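Enquirer: Dropping the sequence and predicted coords here.
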Amino acid sequence: MPHKTPMREVHATGAGSLGAGISGAHEARRKSRLLSDGSIRDKAFRVGTPTVSAVAWLQGVLSATVTMIAFDLCALATGVEITYELVAISVIVFFVARVLLSSPAIPMSWDGKPQLQRPLARLVLEWVAFIAITVVLGKSLGFQSLFPRRGLAIWFLATPVALVLSNYALERTANWWLSRRPRVYRHIIIGATEVGLELANRVERANRPSSFMGFFDFRQIARLPQVSPTQWAGLCDGVAEFVRRNSIDSIYIALPISSSPRIAELVKELRDTTASVYFVPNILNFDLVQPRCMELHGIPLLAVCETPIQGSAGLVKRILDIVVASAALLLLAPVLMLIALAVRYTSKGPALFLQRRYGLGGEEIRILKFRTMHVCEDSNHIVQARREDDRVTRLGRLLRRYSLDELPQLVNVLQGNMSIVGPRPHAVTHNEQYRKLINGYMIRHKVRPGITGWAQVNGLRGETDTVDKMHARVEYDLDYIRNWTLWLDLKIIVRTIFLVVNDRQAY
């Protein structure tokens with residue numbers, strides 16, 4: 001009977017072989033003068049930009065430089081004496097602006113029209129934050145007496161205009177400079193896919209001195225009706241020779257991920273050229289939520305479904321929540337006390353009650369509400385409130401009509417369980433029901449639930465007694481997560497204030 005090696009011995013042998021291999025590789029690597037041995041262990045990914053180096057550097061320091069120069073000019077215009085203290089303030093202004101202010105670049109839409117709303121809104125918010133930090137630093141360091149208030153007012157008002165104008169001037173100057181360069185960059189796209197066609201359109205609209213030499217694909221042009229004969233360059237089996245013959249500078253591979261063996265073979269062939277090769281992952285057809293490109297310890301990552309409140313964005317949103325919730329609680333404290341007393345003495349039961357909901361990451365939380373019914377339901381079977389529901393008290397109808405029953409959730413916001421703006425939390429039983437019926441339902445929990453939300457200010461309040469109604473609400477919730485900005489939160493807060501006065505769907 002043949003001898004069978006015990007499983008643990010096989011594991012030990014395998015581990016020993018693997019350990020010996022790693023040790024041998026480390027030993028060989030130690031004796032070699034090469035900086036990398038070509039293995040995945042020595043490879044790292046960096047996030048970069050195809051922009052010309054000089055232009056990219058200028059864009060990076062433009063906002064900080066303009067802010068500092070505007071500060072110095074306002075100081076001179078208002079008669080401030082040039083001292084070491086003023087120079088120190090100027091340097092502080094530069095570095096604070098370098099951290100807080102992004103380039104106010106104005107992106108173009110698909111039809112070539114400027115999109116002003118988002119970059120200008122971002123600039124306003126960043127500038128307000130910059131002013132706040134600058135004022136705090138100035139008072140903390142005792143510099144406020146060196147600069148007259150009139151000069152500060154001029155600086156605060158004039159700098160945002162200067163930022164927009166300087167960025168526009170840089171864009172126009174860069175385009176002019178690049179168009180006069182004798183060298184015209186040539187590029188091709190391998191893969192006449194949807195993302196490849198969109199890439200060609202966007203590069204063409206970029207107004208850069210780049211010549212598109214055509215599409216390559218594994219399919220014949222007869223199978224590519226979306227590609228015109230003037231855009232067709234040939235089949236992929238001749239791409240390397242075409243690149244060498246036409247001195248191509250850049251190659252964009254826009255083939256689907258399913259073609260990875262072919263992509264690997266193409267990359268191998270293209271190593272016999274001097275062209276830069278870029279892989280364009282075809283992920284734009286996915287239902288993307290906050291897509292971004294990142295690196296994790298040198299490993300490239302493409303976020304397909306991500307939360308918008310990560311990093312500094314999450315801190316900014318949390319600060320907004322704390323400020324708004326604190327201010328609202330202070331201002332509304334008498335109103336809250338009166339409502340609590342009225343609820344307590346107009347019907348039997350507590351003034352407040354807790355309901356189970358799902359919060360950030362699907363964690364169960366307890367939210368506060370004023371009691372508006374004769375019952376406090378929090379079981380595994382909850383019937384949503386309907387119009388003329390006999391469970392609702394007379395006072396409860398008034399509270400629900402103006403959403404006053406939700407005000408105690410300001411405490412949940414301060415606790416960190418909720419946000420001022422976000423998808424409205426549903427009952428746990430409804431979550432378990434609809435997560436099986438609506439694709440992407442649980443993505444709502446990539447952010448904290450909110451007291452108000454994008455769906456609510458678009459008329460989707462009240463009972464969701466059908467799957468279609470819930471689907472419409474979820475669609476707006478996901479749209480909010482995809483497009484979240486601080487400006488959108490402020491917009492929703494303002495719209496909510498007007499909505500509660502005129503809405504007829506709350507009952």
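Expert: Thanks, I have the structure now. As the structure is a computational prediction, the values presented were derived from the model and not from experiment.
Enquirer: Tell me where the stretch 1-150 of the chain has strands.
Expert: Assigned strands in the stretch 1-150 of the chain: none (criterion: DSSP state E, counting those that start in this stretch).
Enquirer: And the stretch 151-300 of the chain, by the same measure?
Expert: For the stretch 151-300 of the chain, the strands defined by DSSP E, counting those that start in this stretch occupy 185-190, 210-217, 232-235, 250-253, 276-279, 292-296, 299-303.
Enquirer: The first one versus strand 210-217: what angle between them?
Expert: By that I understand strand 185-190. Orientation check (axes from the mean of the first three to the mean of the last three Cα atoms, to 10 degrees): strand 185-190 against strand 210-217 gives 20 degrees.
Enquirer: ok, strand 185-190: who's next to it in the sheet?
Expert: strand 210-217 (parallel), strand 250-253 (parallel) (DSSP bridges).
Enquirer: Can you lay out those as a markdown table showing mean neighbour count, distance to Trp454 and mean pLDDT?
Expert: Just so you know, the C-beta spots here come from the backbone N, C-alpha and C atoms, and that holds for glycine as well. Shown next, in a markdown table, are those (neighbours: other Cβ atoms under 10 Å; distance: least, Cβ to Cβ, whole Å; pLDDT from 0 to 100):
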| stretch | mean neighbour count | distance to Trp454 | mean pLDDT |
| --- | --- | --- | --- |
| strand 210-217 | 19 | 39 | 90 |
| strand 250-253 | 21 | 35 | 92 |
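Enquirer: would you turn the ones you listed into JSON lines with distance to Gly359?
Expert: Formatted as JSON lines, the strands paired with strand 185-190 follow (distance: least, Cβ to Cβ, whole Å):
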{"stretch": "strand 210-217", "distance to Gly359": "48"}
{"stretch": "strand 250-253", "distance to Gly359": "42"}
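Enquirer: remind me which residues of this structure are low pLDDT?
Expert: Scanning the chain for pLDDT under 70 picks out 1-55, 103-119, 178-183, 206-209, 374-391, 463, 501-507.
Enquirer: ranges for the helices of it?
Expert: 7-31, 53-77, 84-100, 117-141, 149-179, 194-205, 239-246, 260-270, 312-346, 394-401, 409-415, 428-434, 467-482, 486-502 (DSSP state H).
Enquirer: Quick one: closest of the ones you listed to Arg371.
Expert: Closest to Arg371 of the helices of the chain, according to Cβ to Cβ: helix 312-346, at 5.6 Å.
Enquirer: For Trp176, see how far away Leu163 is.
Expert: Counting by Cβ to Cβ, to the nearest Å, the gap from Leu163 to Trp176 is 21 Å.
Enquirer: the more surrounded of those two?
Expert: Between Leu163 and Trp176, counted using other Cβ atoms under 10 Å, Leu163 has the larger neighbour count: 22 against 9.
Enquirer: Is that one in contact with Val66, as I believe?
Expert: Yes - with contacts counted by Cβ atoms under 8 Å, Leu163 reaches Val66, the gap being 5.6 Å.
Enquirer: quick revisit: same list, the helices of the chain, but as TSV with distance to Ile367 please.
Expert: Listed next are those as TSV, based on distance: least, Cβ to Cβ, whole Å:
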stretch	distance to Ile367
helix 7-31	50
helix 53-77	41
helix 84-100	34
helix 117-141	29
helix 149-179	39
helix 194-205	42
helix 239-246	59
helix 260-270	47
helix 312-346	13
helix 394-401	15
helix 409-415	5
helix 428-434	11
helix 467-482	17
helix 486-502	17
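Enquirer: how deep is Ser326 tucked in, by neighbour count?
Expert: 13.
Enquirer: need the contact list for it.
Expert: Leu414 (Cβ atoms under 8 Å, 6 or more residues apart in numbering).
Enquirer: Let me see the contact set for Val66.
Expert: Thr159, Ala162, Leu163, Ser166.
Enquirer: Compare the residues you listed and tell me which is most surrounded.
Expert: Thr159 (24 neighbours).
Enquirer: list the contacts for that residue?
Expert: So Thr159 contacts Val66, Thr67, Ala70, Phe71, Trp127 (Cβ under 8 Å, 6+ apart).
Enquirer: So it versus Leu101, what's the distance?
Expert: 9 Å.
Enquirer: related to what we said a few turns ago, widest-spaced pair of the contacts of Thr159?
Expert: Across the contacts of Thr159 (Cβ to Cβ), the longest gap, 13.1 Å, separates Phe71 and Trp127.
Enquirer: Can you pick out the residue with more neighbours from the two?
Expert: Legend: neighbour count by other Cβ under 10 Å for Phe71 and Trp127, higher for Phe71 (23 against 20).
Enquirer: if I look at that one, how far off is Leu86?
Expert: 9 Å.
Enquirer: Check Ile190 too.
Expert: Distance from Ile190 to Leu86, by Cβ to Cβ: 57 Å.
Enquirer: Check Gly462 too.
Expert: Taking Cβ to Cβ, one finds Gly462 at 60 Å from Leu86.
Enquirer: got it, and Val392?
Expert: Going from Val392 to Leu86 by Cβ to Cβ gives 65 Å.
Enquirer: wait, doesn't Phe95 sit right on Ser63?
Expert: No - under the criterion of Cβ under 8 Å, Phe95 makes no contact with Ser63, lying 12.0 Å away.
Enquirer: Same drill for these two, tell me which one is more crowded.
Expert: More crowded of Phe95 and Ser63, by other Cβ under 10 Å: Ser63, with 26 against 11.
Enquirer: That one touches Leu101, doesn't it?
Expert: Yes - the pair Ser63 / Leu101 is scored as a contact, 4.0 Å apart, by Cβ under 8 Å.
Enquirer: Touching both of these two, which residues are there?
Expert: Contacts common to Ser63 and Leu101, judged by Cβ under 8 Å, 6+ apart, are Leu163.
Enquirer: Tell me how many other residues crowd Tyr441.
Expert: The burial count for Tyr441: 19, using other Cβ under 10 Å.
Enquirer: Kindly report the same for Glu126.
Expert: By other Cβ under 10 Å, the residues close to Glu126 number 20.
Enquirer: Wait, it touches Val99, no?
Expert: No - using Cβ under 8 Å, Glu126 is not in contact with Val99; the gap is 10.3 Å.
Enquirer: ok so, going back, out of the strands of the stretch 151-300 of the chain, flag the one nearest Gln226.
Expert: If we rank the strands of the stretch 151-300 of the chain by Cβ to Cβ, the stretch that ends up nearest is strand 210-217, at 9.8 Å.
Enquirer: what sits up against that closest one?
Expert: Contacts for strand 210-217 (Cβ under 8 Å, 6+ apart): 184-192, 196, 200, 203-204, 224, 227, 231-236, 239, 242, 246, 248, 250.
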